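Colleague: here is my input; please provide its structure:
(one chain, ligands or ions: 1)
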Amino acid sequence: MKFLVVTITALTIHLTSCAPTTPALDSTGKINTIRPTSKLSQRGAQQFESIKRTKRISTNPTYNAQIKRVAAKLKKAIHMPGANWEFIVFEDPTPNAFALPGGKVGVHSGLFPITKTDGGLATVLGHEIAHITRNHAGSRITQASGIALGGLILDQITKNRGSSQTERAKIAAGYGTLGTLGLALPKSRKDELEADKIGTMYMAKAGYNPNEAIAMWKRFAAYKQSKGNSRTPEFLSTHPKAETRIKALNSFLPSAMQEYHSH
Ligand SMILES: [Zn+2]
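Modeller: Numbering: from 1, shown residues only. The predicted structure follows:
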């Protein structure tokens with residue numbers, strides 16, 4: 001694990017200096033999706049299976065019904081051939097969500113009191129979907145140190161599958177940290193803001209008012225403030241500052257509203 005941590009740090013530092021160059025939207029406002037390699041999708045699916053085995057899946061009927069309902073609408077708004085979408089609620093009080101290449105999205109039960117409405121949940125799901133359709137994980141790994149290093153790190157993750165139950169539980173508990181590797185949520189500020197923007201387009205296409213995104217991030221900001229910075233969950237602390245993202249979303253709102261009204 002120590003090796004892994006060192007590698008993560010090196011990778012993260014390098015990541016911040018690189019940026020994807022493909023524009024998220026083309027001149028007609030169509031979302032440019034980037035397909036991951038089949039190997040990366042496969043690894044994403046494997047890691048998701050591993051998380052499903054080690055983390056408790058929520059049986060909360062309200063949360064499960066809501067994610068099913070919202071994901072069904074969003075899926076119709078996405079165009080990504082070959083994706084194998086899966087949306088799972090995990091039993092965990094930490095308000096967090098994550099995405100893995102190939103179409104895997106996990107949401108913690110602790111996020112639902114903050115997302116509240118279908119539109120609120122669509123904001124988070126749209127954001128996570130955008131990480132996948134823009135292949136943020138793939139571009140990070142490639143840009144960081146080439147496929148070789150990416151492969152090495154991914155192998156390290158896959159090895160987890162063969163480790164003991166205790167070890168796997170430890171890994172599951174720390175998968176948020178593993179996520180910073182790039183296979184799960186890459187957390188560069190640029191990617192996060194792009195995921196917000198594209199996620200808002202997805203929610204608008206799916207029939208959710210993009211204003212709900214702003215309301216949701218304000219609830220997040222309030223939650224964050226109530227907890228104090230030292231105890232801020234990873235999802236919140238590594239994402240851009242609330243003011244920054246709300247400001248960015250406000251400037252993008254007219255485009256999203258146009259999309260919303262055209263459906
Ligand atoms: Zn994100």
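
Colleague: so how many other residues sit close to the closest residue to T59 other than its chain neighbours?
Modeller: Sequence neighbours aside, E91 is the residue nearest to T59 in space, at 7.9 Å (criterion: C-beta to C-beta, 6 or more residues apart in numbering). Placement of C-beta: from N, CA and C, glycine included. When neighbours are counted by other C-beta atoms under 10 Å, E91 registers 14.

Colleague: what does this protein put close to the ion?
Modeller: When proximity is defined by C-beta under 5 Å from the ion, the chain lies next to the ion at E192, A195.

Colleague: who's L100 bridged to?
Modeller: Note on L100: beta-bridge partners K104, judged by DSSP bridges.

Colleague: so what pLDDT did the residue nearest to T59 get?
Modeller: Among the per-residue scores, E91 holds a pLDDT of 97.

Colleague: which ones are touching it?
Modeller: Applying C-beta atoms under 8 Å, 6 or more residues apart in numbering to E91 gives the contacts K55, R56, I57, S58, T59, H108, S109.

Colleague: mind doing that once more with 6 Å?
Modeller: Neighbouring residues of E91 by C-beta atoms under 6 Å, 6 or more residues apart in numbering: R56, S58, S109.

Colleague: restricted to buried residues, select these in ChimeraX.
Modeller: Entered in ChimeraX, the line below selects the buried ones among the contacts of E91, by 16 or more other C-beta atoms under 10 Å:
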select :58,109
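
Colleague: take the contacts of E91 and write them to TSV, including secondary structure.
Modeller: What follows is the contacts of E91, written out as TSV (DSSP: H, G, I helix; E, B strand; the rest coil):
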residue	secondary structure
R56	coil
S58	coil
S109	helix
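
Colleague: and the contacts of E91 as CSV, adding pLDDT?
Modeller: What follows is the contacts of E91, written out as CSV (pLDDT from 0 to 100):
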residue, pLDDT
R56, 96
S58, 98
S109, 97
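
Colleague: how about low-confidence regions in the stretch 51-200 of the chain?
Modeller: The model of the stretch 51-200 of the chain has pLDDT under 70 over residues 140-187.

Colleague: all helices of it, in order?
Modeller: Secondary structure of the stretch 51-200 of the chain (DSSP state H, counting those that start in this stretch): helices located at 61-77, 112-115, 118-133, 136-159, 165-173, 175-179, 189-205.

Colleague: what are the buried residues along the second one?
Modeller: Of the residues in helix 112-115, those buried under the neighbour-count criterion (16+ other C-beta under 10 Å) are F112, I114, T115.

Colleague: pretty sure the second one contacts P95?
Modeller: Right, the one you point to is I114. Yes: using C-beta atoms under 6 Å, I114 is in contact with P95, at 5.4 Å.

Colleague: show me what stretch 32-49 is in contact with.
Modeller: Here stretch 32-49 has contacts from 22, 26, 80, 100-102, 104, 133-135, 138, 154, 157, using C-beta under 6 Å, 6+ apart.
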